[in-house]
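S.K.: give the three-dimensional model of this entry:
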Amino acid sequence: MQKFEIKETATTPYVLLDNISGVIKLEGRSIPENVIDFYQPIINWIENYVKEPCDKTLVHFKLEYFNTSSSKRIFDIMKKVEGIAAHSGKSITINWYYEEDDEDIFFAGNDYKALVSKVEFNLLEL
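M.R.: Sure, this is the predicted structure:
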């Protein structure tokens, strides 16, 4: 398993998946033309990571905008990392970042927080 990185574009977020440090990071806009094509390698990497996770995994979502199709994949990522905590007892922290005046991102984070209860979920204002 290797570190995985995708550069940010106008329609896709920067992605960092680091199995050595236990960091998963998505930053930017997520409105890819084909959500499945974009997110499937990320989901595949996380499915492999779940088999041998770090003692502490830190997940950062710093998204300024995402479409409905992306929201499903974001949730898939959260549920997969939540499974680490549920099955191995290892520490999982999800940090959800939002701008002070961005109610949409804030409320989306609140919704996700209610759906993934086995992890520490922080709503962090930028």
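S.K.: so how far is the longest strand along the chain from its chain's centroid?
M.R.: Counting residues, the longest strand in the chain under DSSP state E turns out to be strand 56-66. Taking the mean of its C-alpha atoms, strand 56-66 sits 5 Å from the chain's own mean (CA atoms, centre = their mean, to the nearest Å).
S.K.: neighbouring strands - and their directions - for it?
M.R.: Counting by DSSP bridges, the strands paired with strand 56-66 are strand 23-30 (parallel), strand 91-98 (parallel).
S.K.: closest one to L115 among those?
M.R.: When the strands paired with strand 56-66 are ranked by distance to L115, counting by CB to CB, first place goes to strand 91-98 at 10.9 Å. Glycine gets a C-beta too; all of them are placed from N, C-alpha and C.
S.K.: what mean pLDDT does that closest one have?
M.R.: Strand 91-98 comes out with an average pLDDT of 98.
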